[in-house]
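[1] Predicted model, plus sequence, below.
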Amino acid sequence: MSLAESLAVVLGGVVLLNAGVAALVLRRERPGDLRTRLREAAPYLAFLGGVLAVNKVAREYGPELSWVVGWNITHRIYSIEGTLVAHVQSVATPWLTTYFSAVYLFGYTILLTFPFLAYLLHPQLRHLKRAAVAFGLNYGLGVVCYTLFVSYGPRNRIPDAVEPLLYAAYPRAQIVTSQVNANTNVFPSLHASLSVTVALLAWRTRERYPRWTAIAVPLAASVVVSTMYLGIHWATDVVAGIALGVGSVLVAEWLVE
Amino acid sequence: MDSTHPQSKSGSESTVSRRRVLGALGGGTLAASAGCVRQVGALMNREAPEQLSFTIKTAPADADPRAIRIARFLAKRLQAVGIEASITPMSNEVLLRDVLLNHAFDIFIAPMRGRPDPDFLRPLLHSRFGAEPGTQNPYGYANLDVDALLERQRAQTGKRRRKTLARLQRSVVRDQPFSVVAFPDEIRVTRADGYAGWEQRPIHTPLGYLGLDRDAAGTADRLSGDTSEDERALRMTLTDSRPTESLNPLAPEFRASGTITDLLYDPLGRWVDGQVRPWLASSWTWSRPPDAPGPVATVELREDLTWHDGTDLTASDVAFTYRLLADTSLGRLESPVPAPRFRGLGSLVTDAEAVDERTVRLSLVPSSRPVATRSLTAPVLPEHVWEAKAQQATVAGLDPNGAVTQALVWSNPDPVGSGPLRLERRRPRELLVFARNEDHFLTRDGLADHLAPFAGGFTPDQLAFTVVPSGGAAVELVRAGDADATASGVMPADVPEVGRSDELNLHVTRPRTCYQVGYNVRRGALSSPRFRRAVGRLLDKQFLAREVFERYGQPAASPLARHRSVAPSLVWNGEDPELPFPGEAGQLDVERAREAFRDAGYRYSSDGDLLGT
């Protein structure tokens, strides 16, 4: 299976999962004139698109720039929390590893993609606008942090205490994730921040999509835990990620109102 | 953010002691006489000693799973004896830039590449090189006796040289400018149904690639996504992405082994079966003219040599190369800027001169034949490309820091070499594809016997390196048939996986590379050999070889442990012959270890912190 095939598997999985969740969640939706709706939301979606474009370029050159201008905060984080993540891993079982790996890879992608499908169909367009702005803020501030701070995650800093559970069990997953991220970009955890963002947005739309809220909130919580369980992020990254996620939603709501 | 200076603790202790003194003054018990005031002044104006504090720089687990574990082991033991220790993981490239070029480190942990001839120790340890940036003497170590021994062994042979080398090793191991930890075994994985001949020479070496059996390619003509239909590619995985970012053979921070640039650039002579044999040269003769201080080599080049761009390769290119290695500014800057990666070889040659199109004369410093012959193994570079790189390196018209030339920092994205492979495609951090050089001299008839196993040159059409994030991912790709073999080593943890698979073969070699803990002898307490010895004792090498190297590695005291010239008294005998670990099975006997630091002249605060001066 080549890299392209691995990516195809991931993408196929995401499409299938979206279809599955959509079948569960979206029952009453009657899409109005999609074109008009998209036109109205266009500035917000363009903002997100712009941030993602900048993000893509920054991910390419950021890591090198980061070594020139950034602070290496790996030791700072380690001295704050020590081997805390090793304690999270102490509950590890093969089943949990499978669960958290699936959540980290597939659950997260559902959290990232499904809201846009759902909010495009939501009668009130402001949810789509909020999501676009909140995502844009997450990625934008994330990439600024990644350039300013050089930090390696626990599996890289304390490998004698923390195991790379995801990559040990699924070496191929690392080939895919290394395509989209550098191992020095751990502070803050964007997995945590975006999951929290989606959970908060889901809570706001719980009346329309109660099942999505019921899926998104525990899934987001699982993703947050998985980043530590799998040895990828420090608890410090997760706390910073949660703060970033909450902040992004608050700012997005303020901006969209 | 991480302090690169050994003192990073705040001055909290000095405030406490000052307050105590002031309190005593206020109590009026001491303030009686002028003599006493002087005494108080003498006391207050003294710098209060602070806890010793070091930063250990090393690569993260993704890049080097062993180094960071050694760092963790050492940091914990340093803390146990009252020294503040922090670990700063950094990418290999940045690490080597800090250590080799900027000398910005306290302690670093990295592999040290050994060479077949022990003369590789000379650039590493000679004090003359301590002030230069580069792979040579990054420690700043200076010992005039060692300098003399290094120079003496260079001109000696046989038993006398072995004796000198033994004395040299004893002095260096006694002084501990670096601590040898262990020599790892290199573990590589190949596909059982792919190319054959892997076991003849170590994998991921120039001769390893060139000596692969061309007929036994098995299913090697399987298609890969990156090559066209009729081409056979040898597909390797690489965990180190640096060669995809720079193909400059002179840039030390980008070169772990140099194998890839060695395939692009031919030397005059190459190590074949333990000896330097003619390569680009058809032959050489040594002479000793009466007026010359050392040997003179008259090197004859093969006929019809060309660069990858079609230009003729002549004696003038060879002479240029040695001039460039000695001074990459070619006299344009005030003082010479030698090529750090080839300082050992370059420093042997005092003069290089093209006699005619195919003859070059190299004059050397006094040196024995084996050492002198080493100088012929440097890569030959094309004058018409590198001449322009001799100018000072600048960033957007700025002069960043003086004595750096383009030749040292240029990434060489489109290399023009003469080697058996030429670059076809490059995607930074992802992929390198080389194509077989049809015009290489190895493809011709009438080669000397020592080249017979490599006749025909590189036999597949392409050599592709795919960057993978870890050894585990590499094994996975090889097993799935997406790669033929791993160019970078894999970890012992991957071995059981390989053992269970019929499709995979395991290859274990013992190269002369060891893991070292290097000390910056220019800094604070690390300048004291007694102190470094006390630090060196904190490494339980037997335990580390077992736990970190998972038995794929041997603990060692000498950097020549895998050479025939290892000093008999420094051969591993179950424990470190020079600095035995005070404790057992990784458990430090803290009191004994602290005693070693007291013996070195250092003292402890009442809190158990080891104090600097």
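    Yep, it's here.
[2] wait, doesn't A:Pro154 sit right on A:Trp234?
    Yes. If you go by Cβ atoms under 8 Å, A:Pro154 and A:Trp234 touch, sitting 5.8 Å apart. To be clear about C-beta, it is placed using only N, CA and C from the backbone, and glycine gets the same treatment.
[3] between those two, what contacts are shared?
    Counting by Cβ atoms under 8 Å, 6 or more residues apart in numbering or on different chains, the common neighbours of A:Pro154 and A:Trp234 are A:85, A:228.
[4] List the residues that contact the closest residue to B:Leu207 other than its chain neighbours.
    Computed as Cβ to Cβ, 6 or more residues apart in numbering or on different chains, the closest residue to B:Leu207 that is not its neighbour in sequence is B:Arg201, at 5.0 Å. Taking Cβ under 8 Å, 6+ apart, we find B:Arg201 in contact with B:207-208, B:211.
[5] distance of B:Arg201 from B:Gly208?
    Distance, B:Arg201 to B:Gly208, by Cβ to Cβ, to the nearest Å: 4 Å.
[6] re earlier: spell out the secondary structure type for the residue nearest to B:Leu207.
    Under DSSP: H, G, I helix; E, B strand; the rest coil, B:Arg201 falls in the coil class.
[7] tell me the least confident of the contacts of B:Arg201?
    pLDDT across these is lowest for B:Gly211, at 88.
[8] What about it? Give its phi and psi, please.
    The phi/psi pair for B:Gly211 (degrees, to the nearest 10) reads phi -90, psi 10.
[9] go on, B:Val409?
    phi -110, psi -10.
[10] same question, B:Glu353
    phi -140, psi 130.
[11] quick one: the helices in the stretch 51-200 of chain B?
    Ranges of helices in the stretch 51-200 of chain B, per DSSP state H, counting those that start in this stretch, are B:65-80, B:92-96, B:121-125, B:144-155, B:158-175.
[12] Now the residue most central in space within chain A: closest residue in space, sequence neighbours ignored.
    Central residue of chain A (Cα atoms, centre = their mean): A:His191, 3.2 Å from the mean position. Leaving aside its sequence neighbours, A:His191 sits nearest to A:Thr227 (Cβ to Cβ, 6+ apart; 4.9 Å).
[13] Let me know how buried that neighbour is, in neighbour terms.
    29 (other Cβ atoms under 10 Å in any protein chain shown).
[14] ok, and which of the helices of the stretch 51-200 of chain B has the densest surroundings?
    helix B:121-125 (a mean of 25; mean count of other Cβ atoms under 10 Å in any protein chain shown).
[15] How far does it sit from its chain's centre?
    Here helix B:121-125 is found 12 Å from its chain centre; the criterion is Cα atoms, centre = their mean, to the nearest Å.
[16] helices or strands up against that helix?
    helix B:144-155, helix B:158-175, helix B:343-346 (3 or more Cβ pairs under 8 Å, 6 or more residues apart in numbering or on different chains; DSSP states H and E).
[17] contact partners of the shortest one?
    Helix B:343-346 is contacted from outside by B:119-120, B:122-124, B:129, B:132, B:134-136, B:322, B:325-326, B:338-339, B:374-375, B:377-378, using Cβ under 8 Å, 6+ apart.
[18] what about the residue nearest to A:His191, which helix or strand?
    helix A:210-229 (DSSP states H and E).
[19] ok, which residues in chain B are in contact with chain A?
    With the criterion set to Cβ under 8 Å from any Cβ of the partner chain, chain B comes near chain A through B:1-2, B:55, B:60-62, B:65, B:68-69, B:72-73, B:86-91, B:94, B:225, B:468-470, B:472-473, B:475-477, B:480, B:482, B:493.
[20] Can you flag the buried ones in those residues?
    Neighbour-count burial (16 or more other Cβ atoms under 10 Å in any protein chain shown) applied to the residues of chain B next to chain A gives B:2, B:55, B:60-62, B:65, B:68-69, B:72-73, B:86-91, B:94, B:468-470, B:472-473, B:475-477, B:482.
[21] now, which of the residues you listed lie within strands?
    B:55, B:86-89 (DSSP state E).
[22] Export the residues you listed to JSON lines and append columns for pLDDT.
    Listed next are these as JSON lines, based on pLDDT from 0 to 100:
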{"residue": "B:Thr55", "pLDDT": "96"}
{"residue": "B:Ser86", "pLDDT": "94"}
{"residue": "B:Ile87", "pLDDT": "95"}
{"residue": "B:Thr88", "pLDDT": "94"}
{"residue": "B:Pro89", "pLDDT": "94"}
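[23] coming back round to it: distance to B:Leu408 added to the helices of the stretch 51-200 of chain B, as TSV?
    Output for the helices of the stretch 51-200 of chain B, formatted as TSV (distance: least, Cβ to Cβ, whole Å):
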stretch	distance to B:Leu408
helix B:65-80	25
helix B:92-96	13
helix B:121-125	16
helix B:144-155	25
helix B:158-175	28
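[24] Out of those, which gets nearest to B:Leu263?
    Ranking those by proximity to B:Leu263 (Cβ to Cβ) places helix B:92-96 first, at 20.4 Å.
[25] Give the other helices and strands that the helix-or-strand element of chain A with minimal mean pLDDT contacts.
    Confidence across the helices and strands of chain A bottoms out at helix A:171-180, with a mean of 78, counting by mean pLDDT, DSSP states H and E. Contacts defined by 3+ Cβ pairs under 8 Å, 6+ apart place helix A:171-180 against helix A:3-25, helix A:165-169, helix B:471-479.
[26] could you pull out the strands for chain A?
    So, for chain A - with DSSP E - the strands run A:71-72, A:149-150.
[27] Equivalent analysis for the stretch 251-400 of chain B, please.
    Under the criterion DSSP state E, counting those that start in this stretch, the stretch 251-400 of chain B contains strands at B:269-272, B:275-278, B:281-287, B:296-301, B:349-356, B:359-364.
[28] Including distance to B:Tyr195, mean pLDDT and mean neighbour count, could those go into TSV?
    Shown next, in TSV, are these (distance: least, Cβ to Cβ, whole Å; pLDDT from 0 to 100; neighbours: other Cβ atoms under 10 Å in any protein chain shown):
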stretch	distance to B:Tyr195	mean pLDDT	mean neighbour count
strand B:269-272	21	94	20
strand B:275-278	24	95	18
strand B:281-287	29	96	14
strand B:296-301	31	97	20
strand B:349-356	38	96	16
strand B:359-364	36	97	21
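[29] Redo these as CSV? Include distance to B:Leu539.
    Shown next, in CSV, are the strands of the stretch 251-400 of chain B (distance: least, Cβ to Cβ, whole Å):
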stretch, distance to B:Leu539
strand B:269-272, 31
strand B:275-278, 35
strand B:281-287, 43
strand B:296-301, 42
strand B:349-356, 38
strand B:359-364, 38
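[30] Fine by me, thanks again.
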